[in-house]
Every structure is written in structure tokens, then in C-alpha cells.
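Enquirer: Here's my sequence, what's the structure:
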Amino acid sequence: MALIGRFNSLQIVKHTNFGLYLDGGADGEILLPNRYIPKDAPTEVDDWLNVFIYLDSDDKLIATTLKPKIQVGGFASLKAVQVNNIGVFLDWGLPKDLLLPFSEEKRQMEAGEYCVVHAYLDKHTRRITATSRLDRYLDKTPATYSPGQAVNLLVVERTDLGFKAIIENKHWGLIHKNEVFKFLRPGMQEKGFIKEVRADGKVSLSLQPIGAAAADDLSGQIIAKLRENGGVLEVSDKSDPKLISDLFGVSKGNFKKAIGGLYKQGQISIHADRIELT
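Expert: The predicted structure follows:
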């Protein structure tokens, strides 16, 4: 039985003038239309192909080698391309747009807007459906991340405290305002780091490495940037925090610690308006 809304490795069972039929197990034969067959793909009977399975406009199973922007069980930021009396239709990279029913909207959307959604399979229709009500699809088990652990983040929304983000498609986390040293907007995918897992289960995030790893990483960036610029950078411990953030995406405090360490190691000299390689 093929998994709808996901990639499947399926075997070719026969050729036709309009495409290949693949073995969908209990779902029968599934068509892969000619337009989705890559030129270098194996096309002999009994060969295997990796294809994405979804329902076409007639609610029939169909295969494609196109890569959608989201799979069932995943989260992504998608653009609304049409709103009608059924719901919001989202561009997910396939010919048939993805439906976000009005009942699954967290806020009213208009065409042209972006929204972070989760894709699930409707139990009654077997249609791939989107929802912006994300809480019910996140992991309810307590987070067991370690401080300093590198994680993948999907930024979801801005709050009074900072930005809410989904960690590894599993848990909510918060990037506090004082940890934001670069431009962020909902829908951005970022590499982040676990700052703290609180007793109440809430997770604080950072966009830069924590502790000694942060100092080592930033020091390496500074040296690399100095070498790219002939050994001189017009930034110092007295520079505006925004200039430091624009250059390295870190706080002024962390920058000062890093250049202080490099100075003690004899790798740089620090001046009022610049730093230089020694």
C-alpha cells in the first residue's frame, strides 16, 4: 500500500503511451505520467522509482517525481494563491494546490500571504490537507534536548517575547528578543542552539552557539573576515551593536569577548575604530 503524501519507492509494472504504471500494492496500479519521468530515470518493467504519491483533481492516486514543499507529517511556510468558498489554496510545488480549509485557519488569510502549516491526511477523504492549527501536531512528550545542542528551526510567528519556532518538527521553542541579532520572519528555516530546557518544559533558543563553542566559532569567523579584508576590519569593541550584528549576527557582548580572547592570544590588535591581524 502506497503512502499518500510521501515519497515511495515503487516498482514499474507496465508501459503505456501516456506514462508508467507503478505497483501500489493494495492501492493497485498508480500512474506516473510521461511529463514526470526524468530522462535519466530507469524505465524498464521491474525497475524501481522514488515517487511522491497524491490525489489528482479526480481524486485518483497519481505519482510524480516533482518534490513538493511539504509532505504529510511535515511543517512549511506556504503561499496562499487563491481563496474561495471552500478555503485557502496553497502553492506547495505541485499542479494541484493544497487546501487549507477555513476550519483549519488560525487567522483569516488572503491571496499572496504566507502561512506556516502542517500537512496531514484526512481520514475520510484520504486527501492531503493543510492546517495552521499546529499545536495538536507537535510532540507532547517532554523535550530532552541538551544545552548547546544544535537543532533545525522553523520560525513560525513573532510574539511580544521574541519568535516562536518549531524545533526539529517536534517541539515549540522561543527565540527571545535579546537573542535576535539578525533579520527574522515567519517561515524562515534556521540553524539554532538549545539555550535552556526549563522545568516547565519550555525551551529557550539561541541563533548562535552557546558557551565555549560560541567563542571558538565567532573567533574563527572574525579571523576569516580579517583575512578576506587584507587583515583589517573597521569594527571594534566601541562600535555600534548594529554594525557588529550585521557583520557577524551576534551581540556586542559576545563580540567583545571573542576579540578580547584573540587579543590575549596575540592574534589581533584592537584600536578605537578597527581591529587588525598581528
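Enquirer: what does stretch 68-79 contact?
Expert: Applying C-beta atoms under 8 Å, 6 or more residues apart in numbering, the contact partners of stretch 68-79 are 3-7, 52, 54, 90-94, 98, 112-121, 128, 130, 134, 137, 154, 166, 169, 186-188. For the C-beta atoms, the positions are set from N, CA and C on the backbone; glycine is no exception.
Enquirer: Now do that stretch: distance from first to last residue.
Expert: Stretch 68-79 has its terminal residues 13 Å apart, counting by C-alpha to C-alpha, to the nearest Å.
Enquirer: what ranges do the helices span in the stretch 101-250 of the chain?
Expert: 212-228, 241-248 (DSSP state H, counting those that start in this stretch).
Enquirer: now the shortest one, how far from the chain's geometric center?
Expert: Averaging C-alpha coordinates over helix 241-248 and over its chain gives two centres that are 24 Å apart (C-alpha atoms, centre = their mean, to the nearest Å).
Enquirer: One more: the longest one?
Expert: Its chain's C-alpha centre lies 26 Å from the corresponding centre of helix 212-228 when counted by C-alpha atoms, centre = their mean.
Enquirer: Report the angle between that helix and helix 241-248.
Expert: Between helix 212-228 and helix 241-248, the angle comes out at 80 degrees (axes from the mean of the first three to the mean of the last three C-alpha atoms, to 10 degrees).
Enquirer: I'd like the mean pLDDT over helix 212-228, please.
Expert: Averaging pLDDT along helix 212-228 gives 80.
Enquirer: And for it, what's in contact with it?
Expert: 148, 208-209, 232-233, 247-248, 250, 254-255, 257-259, 261-262, 267-268, 275-277.
Enquirer: circling back: as JSON lines, the helices of the stretch 101-250 of the chain with distance to Leu161 and mean neighbour count would be great.
Expert: Formatted as JSON lines, these follow (distance: least, C-beta to C-beta, whole Å; neighbours: other C-beta atoms under 10 Å):
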{"stretch": "helix 212-228", "distance to Leu161": "22", "mean neighbour count": "15"}
{"stretch": "helix 241-248", "distance to Leu161": "19", "mean neighbour count": "16"}
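Enquirer: Looking at those helices, which is nearest to Asn85?
Expert: Comparison of the helices of the stretch 101-250 of the chain against Asn85 by C-beta to C-beta identifies helix 241-248 as nearest, at 46.1 Å.
Enquirer: returning to that earlier point: save the helices of the stretch 101-250 of the chain as JSON lines, and put in distance to Ala143 too.
Expert: Below are the helices of the stretch 101-250 of the chain laid out as JSON lines (distance: least, C-beta to C-beta, whole Å):
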{"stretch": "helix 212-228", "distance to Ala143": "20"}
{"stretch": "helix 241-248", "distance to Ala143": "28"}
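Enquirer: so which of these comes closest to Ala26?
Expert: Closest approach to Ala26 among these (C-beta to C-beta): helix 212-228, 49.4 Å.
Enquirer: Of the contacts of helix 212-228, select the buried ones using a PyMOL command.
Expert: Selection of the buried residues among the contacts of helix 212-228 in PyMOL, burial being defined by 16 or more other C-beta atoms under 10 Å:
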select buried, resi 208+209+233+247+248+250+254+255+257+258+259+261+262+267+268+275+277
